[in-house]
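Asks: I'd like to go over a predicted model; first the sequence, then the structure.
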Amino acid sequence: MDQFSEETGFSEKHISPSIAEITRVSLKVGLLSFGGPAAQISVMHQEFVENRKWLSEDRFLHALNYCMLLPGPEAQQLATYCGWLSGRTLGGLIAGLLFILPGAFAMAFVSYVYAAYGDTTVIAAVFYGVKAGVLAIVLQALMKIGQKALKSRLAWMICAASFCALFFLSIPFPLVILGAAVTGLLFGTAPAQPIEDGTVTASPATAAKTLGTLLIGCLLWIAPPVTAALLLAPGNVYTEIAEFFSLLAVVSFGGAYALLSYMAQVAVETKSWLSAGEMLDGLGLAETTPGPLILVTQFVGFLGGWREPAPFSPGTGALLAAAMTTWVTFAPSFLFVLAGAPWMERLRGNRLLARALSAITAAVAGTILNLAVWFALNVLFTQTRSLEIGVLSVLSPVPESLDPVLAGIALLAAFLVFVARRGITVVLAVTAALGLIAKTLLV
């Protein structure tokens, strides 16, 4: 086995993708990563598993399970993991960075337009129809992952329980995943050992390599904040942003929405970086641009730097603050994956771990269903309300607030995905064009 095979765990029979191929596919994934983690996972599944055959279904779900256990944006971590499996550390860095950068540049652009001119209606019009297209893509991902994950009665029960816990009881996401893992350990059976399909074999993991990765990663993570602390006046906004979002990055279980309340409270009330209304505007912009929703943190950092730019101009200060926010938010995710993935691959044959991860896979299907329902309600209806029924809290749409244009575009997108079998690029392009036309005609 050659050096590449020894480092990554690829077998000699596998024709591994080149770095150029990984870069091209990862950029495509980053550009098409609209609609939150469910849609983003679908895009990665289609590109890495279905279209390219770089990863097997089992290996993809194994990676997804691990990323669901980590704090931070699971879709970006999954992109890093898939890149690592496909092309070593460099492949992981490329895939993870290209998943973030298109959205980061888009968010920087819309943040500047918002701060300088206060009007993002044209941008919103461009992405209006994309949300409807994403709905069909999310449903496609749910069906494909469900077919693979839900093969037993226990798996179906865990999936249903996870959905109900999240949607009706608002139980924190980490507790749902923990409950699924415990259920799998107690009542599950280990799945049959997967047949090696020539994609990836056992990956080497050593304490020395892991410690080296952690040391280098931590030094890179703290380098920008330390530089800001040394070169700028004490108490500068850049250091404050680094401290706050570094803490947020390591406790951000359950996705961006789980953090919004705490983040808004600190950013609005304590730090005064932006107002409550601006926080909602930033969330809306993050939902319509590509990349993980957690990029809303970049909008917060941008406005903080815009209003407290010293010693820079507002534009420069805002961009530096946005870059600092994005760096400290995502650096830990790279660290968790690049340090932990080799150990997860080494433990892949462990039967106890297999039982727990099999149950987590079923819970992930319920999580994606919850995201799909939540996303559908908030996209197709302009107003929703929370109905309290005993201990249950049910998100319900206001029927008269249905957006008929988006509903029609969503039906067309479903036709393109499930009947015409069109790819993601075509679906998003068609729905974006229809949304822009509709917004232009309705003004």
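Replies: Received the coordinates, thanks.
Asks: not counting the helix or strand that contains residue 405 itself, show me its contacts.
Replies: With elements taken from DSSP states H and E, the one containing residue 405 is helix 404-414. Counting contacts by CB atoms under 8 Å, 6 or more residues apart in numbering, the residues outside helix 404-414 that touch it are 128-129, 131-133, 135-137, 139, 379-380, 427, 430-431, 434-435, 438, 442. Just so you know, the C-beta spots here come from the backbone N, C-alpha and C atoms, and that holds for glycine as well.
Asks: so among those, which ones count as buried?
Replies: Of the members of the contacts of helix 404-414, the ones counted as buried by neighbours, 16 or more other CB atoms under 10 Å, are 128-129, 131-133, 135-137, 139, 379-380, 427, 430-431, 434-435, 438.
Asks: how far away is the nearest residue to residue 82 once chain neighbours are set aside from residue 134?
Replies: Excluding the flanking residues, the one nearest residue 82 by CB to CB, 6 or more residues apart in numbering is residue 48, at 4.8 Å. Counting by CB to CB, to the nearest Å, the gap from residue 48 to residue 134 is 19 Å.
Asks: can you check residue 126 too?
Replies: If you go by CB to CB, the gap between residue 126 and residue 134 works out to 14 Å.
Asks: between those two, who's got more neighbours?
Replies: Comparing residue 126 with residue 134 by other CB atoms under 10 Å, the one with more neighbours is residue 134, at 32 against 17.
Asks: what helices or strands is the helix or strand encompassing the more buried one leaning on?
Replies: Per DSSP H and E, residue 134 falls inside helix 130-149. When contacts are defined as 3 or more CB pairs under 8 Å, 6 or more residues apart in numbering; DSSP states H and E, helix 130-149 sits against helix 36-44, helix 57-69, helix 153-167, helix 276-288, helix 351-380, helix 404-414, helix 424-442.
Asks: picking that back up, what's around the residue nearest to residue 82, how many residues?
Replies: Burial of residue 48 is recorded as 30 neighbouring residues (other CB under 10 Å).
Asks: same question for residue 390.
Replies: 5.
Asks: with residue 339 instead?
Replies: Burial of residue 339 is recorded as 18 neighbouring residues (other CB under 10 Å).
Asks: in this structure it contacts residue 218, no?
Replies: No - in this structure, residue 339 sits apart from residue 218 without contact. The criterion is CB atoms under 8 Å, and the distance is 10.1 Å.
Asks: quick check: neighbours shared by these two?
Replies: Counting by CB under 8 Å, 6+ apart, nothing touches both residue 339 and residue 218.
Asks: run through the stretch 1-150 of the chain and note the low-pLDDT ranges.
Replies: Scanning the stretch 1-150 of the chain with the threshold set as pLDDT under 70 gives 1-15, 35, 119.
Asks: please repeat the previous calculation with a cut-off of 90.
Replies: Residue ranges of the stretch 1-150 of the chain with pLDDT under 90: 1-16, 32-43, 45-46, 49-53, 56-59, 61-62, 64-75, 87-88, 110, 113-150.
Asks: one more: the stretch 201-350 of the chain?
Replies: Short version for the stretch 201-350 of the chain, where the test is pLDDT under 90: 201-209, 233-235, 247-272, 274-296, 310, 343-350.
Asks: at 50 what do you get?
Replies: Scanning the stretch 201-350 of the chain for pLDDT under 50 picks out 201-202.
Asks: ranges for the helices of it?
Replies: Listed in chain order, the helices of the stretch 201-350 of the chain (DSSP state H, counting those that start in this stretch) span 207-231, 237-251, 257-264, 276-288, 296-307, 314-346.
Asks: out of those helices, the one nearest residue 55 is which?
Replies: helix 314-346 (11.9 Å; CB to CB).
Asks: could you check the angle helix 207-231 makes with that closest one?
Replies: Inter-element angle recorded for helix 314-346 and helix 207-231: 170 degrees (by axes from the mean of the first three to the mean of the last three CA atoms, to 10 degrees).
Asks: got the angle for helix 314-346 vs helix 296-307?
Replies: Using the same axes, to 10 degrees, the inter-axis angle of helix 314-346 relative to helix 296-307 is 150 degrees.
Asks: buried residues in helix 314-346, which are they?
Replies: Neighbour counts over helix 314-346 (16+ other CB under 10 Å) mark 314, 317-342, 344-345 as buried.
Asks: cool, and stretch 414-425?
Replies: Burial within stretch 414-425, assessed by neighbour count using 16+ other CB under 10 Å, is assigned to 414, 416, 417, 422, 424.
Asks: and if you look at stretch 267-286?
Replies: Buried positions in stretch 267-286, judged by neighbour count with 16+ other CB under 10 Å: 267-268, 271, 273-274, 278-279, 281-286.
Asks: for that stretch, measure first residue to last.
Replies: The separation between the terminal residues of stretch 267-286, taken as CA to CA, to the nearest Å, is 17 Å.
Asks: what about residue 214, neighbour count?
Replies: The local packing count at residue 214 equals 15, with neighbours defined by other CB under 10 Å.
Asks: contacts only, for it.
Replies: For residue 214, the contact set (CB under 8 Å, 6+ apart) comprises 335, 339.
Asks: switch to 6 Å and redo it
Replies: By CB atoms under 6 Å, 6 or more residues apart in numbering, the residues touching residue 214 are residue 339.
Asks: from here on, call the first residue 511.
Replies: Got it, first residue is 511 now, which makes that one residue 724.
Asks: how much space between it and residue 895?
Replies: On the measure of CB to CB, residue 724 and residue 895 end up 46 Å apart.
Asks: nearest residue to the middle of the protein?
Replies: For the chain, the residue nearest the mean C-alpha position is residue 585 (3.2 Å; CA atoms, centre = their mean).
Asks: gap between that one and residue 619?
Replies: Distance of residue 585 to residue 619, computed by CB to CB: 21 Å.
Asks: three-state assignment of residue 898?
Replies: For residue 898, the secondary-structure state derived from DSSP: H, G, I helix; E, B strand; the rest coil is strand.
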